[in-house]
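[1] Give me coordinates for this.
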Amino acid sequence: MQVILAAGGADFHTITEDCRKALQNAGCIIGARRLLENLPESCTQNRIAATRPDEIMRLLRTSEAENCVVLYSGDTGFYSGARLLIPMLQAKEIAYEVLPGISSVQLLSAAIGKPWQDWMLVSAHGVDCDPVGAVMQGKPVFFLTGGSLRPEVLCRQLTDAGLGELPVTVGEDLSYPGQRIRKGTAEEFIHETFSPLSVLLADPAPGVKRRTPGFPDSWFVRGDVPMTKQEVRAAVLAKLAPKETDILWDIGAGTGSVSVELSLAASRGHSYAVECNPAACKLIRANRQKLGAWNLRLIDGRAPEALKELETPDGVFIGGSKGSMQQLVDLVLERNPKARICISAICIETVYQAVQALKGHGIEPDIVQLSISRGKAAGSLHLMVANNPVFLITGNCDD
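    Numbers count the residues shown, from 1 in each chain. Down below sits the predicted model:
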């Protein structure tokens, strides 16, 4: 038996000549019902609707046809079911050939006259997708949509995150007679209904350029709320070592300086800034907007009560406990015993509370004191003026 994995393109008009010949010569064609129904009469009528790799394998092993074609939409190398079938064919030592085709990425690129080489490619077709995190990566993002995640749904999620003004392009029914290209903003498209065969291209979200942890203090909107300073913030980020997809909490977030940096470091995850001071909440919103931390979610409430409905954290910074240190640590480690925890303190009583809270869970804390002085002009000279020493107490941060 000869098995060919063929790309169907958008329809039979965009299929490559190699794929066309394979289909014309096939004794059996397997694929999605929509693809089989659109094949010309000149192709075999021995067509079997199947999409699951295990079902396709069963059909191939029981088929009496010498030439079997498994037909996929778009391109076999772009979020195609071919990636799941190929290892199964290899495991059974069944010979196969892959024939690529034209993808919806190429069709949209051609339709709008822009190269796609720098686009970030994301599938929202039957899989979970985080459009906010995607557009924060600094590149235009192409979304292969489908199922419940149509362009209008993705635009709603972008708008809810504060990105309603983000320019987007929707391509409907690409290569078909009714092809339509529509340009607008995410907010303009949330009440539209688009074709099931649609793709979405979103501009990169505005924000600061990536740099090492410890943004300059001048980047943040300040006010009268205490702020974790640059050097301490850099140390906190080093201790928590956020991964790109982490869920992070900042408890007692103040101006949101740590929250913002955590969010940008974990740009494909989510960060929560928990704060009960109205003035601080206002500053967090301002800094989120100014620095483009679109995946940062403000929780206006008092911990630990405000934490109970949040996603389970991978890392937690406690910048303020309001006397609830033990309860906070208990709650975090109950949700995730391996959560990385970093606690800042300027009072020795808080250091003691943090140490005891971690030891109560069998965690030997790491304690660091940061003593930072800043230069201040005094006439023609400069004096070093000391800031208050800051303690960082961490647990699970060496794992």
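[2] Only C-alpha atoms from now on, for both contacts and neighbour counts.
    OK.
[3] can you list contacts of the longest helix seen in the chain?
    If you go by DSSP state H, the chain has its longest helix at helix 278-291. Residues from elsewhere that reach helix 278-291 (CA atoms under 8 Å, 6 or more residues apart in numbering): 162, 207-208, 220-223, 225, 253-257, 260, 273, 275, 293-294, 296, 298, 300.
[4] and what of stretch 133-148?
    With CA under 8 Å, 6+ apart as the test, stretch 133-148 has contacts from 104-105, 118-126, 151, 196-207, 267-269, 292, 294-295.
[5] next one: stretch 200-219
    Stretch 200-219 has contacts (CA under 8 Å, 6+ apart) with 135-145, 151, 163, 166-171, 229-234, 237-238, 261, 290-293.
[6] May I see the PyMOL selection of the buried members of those residues?
    This is how PyMOL selects the buried members of those, with burial counted by 16 or more other CA atoms under 10 Å:
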select buried, resi 135+136+137+138+139+140+141+142+143+144+145+151+163+166+167+168+169+170+171+230+231+232+233+234+237+261+290+291+292+293
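[7] Mark which of the contacts of stretch 200-219 are part of helices, please.
    Counted as lying in helices by DSSP H, out of those, are 135, 151, 230-234, 237-238, 261, 290-291.
[8] So which of those residues is the closest to Gln369?
    When the ones in helices among the contacts of stretch 200-219 are compared for distance to Gln369 (CA to CA), Val232 wins out at 10.0 Å.
[9] was I right about that closest one contacting Leu370?
    Yes. Using CA atoms under 8 Å, Val232 is in contact with Leu370, at 7.4 Å.
[10] Show me whatever sits in contact with both of the two.
    Shared contacts of Val232 and Leu370 (CA under 8 Å, 6+ apart): Val390.
[11] The strand or helix carrying Ile4: how far from the chain's middle?
    Applying DSSP states H and E as the criterion places Ile4 in strand 2-7. Between the centre of strand 2-7 and the centre of its chain there are 33 Å (CA atoms, centre = their mean, to the nearest Å).
[12] Next, count neighbours for Ile341.
    By other CA atoms under 10 Å, the residues close to Ile341 number 26.
[13] Same check on Lys282?
    A count of neighbours around Lys282, defined by other CA under 10 Å, yields 16.
[14] What is the three-state secondary structure of Leu35?
    Counting by DSSP: H, G, I helix; E, B strand; the rest coil, the backbone at Leu35 sits in helix.
[15] Quick check: it touching Val70?
    No. The pair Leu35 / Val70 is not scored as a contact, 10.7 Å apart, by CA under 8 Å.
[16] higher neighbour count, these two?
    Set Leu35 next to Val70 and count neighbours by other CA under 10 Å: Val70 wins out with 27 against 18.
[17] That one touches Ala6, doesn't it?
    Yes. Assessed by CA under 8 Å, Val70 is found in contact with Ala6 at 6.1 Å.
[18] could you pull out the helices for the chain?
    Using DSSP H, helices in the chain cover 17-25, 33-37, 53-62, 82-91, 104-112, 131-135, 151-160, 230-240, 257-265, 278-291, 325-335, 348-359.
[19] neighbouring contacts of the second one?
    When contacts are taken as CA under 8 Å, 6+ apart, the neighbours of helix 33-37 outside the stretch itself are 8, 11, 29-30, 47-50, 71-73.
[20] Among these, the buried ones, what's the ChimeraX command?
    Command for ChimeraX, covering only those of the contacts of helix 33-37 found buried under the criterion 16+ other CA under 10 Å:
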select :8,11,29,30,47,48,49,50,71,72,73
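[21] Would you mind putting the contacts of helix 33-37 into CSV with distance to Ile94 alongside?
    Below are these laid out as CSV (distance: CA to CA, whole Å):
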residue, distance to Ile94
Gly8, 22
Asp11, 28
Ile29, 17
Ile30, 16
Arg47, 20
Ile48, 19
Ala49, 21
Ala50, 19
Leu71, 17
Tyr72, 19
Ser73, 22
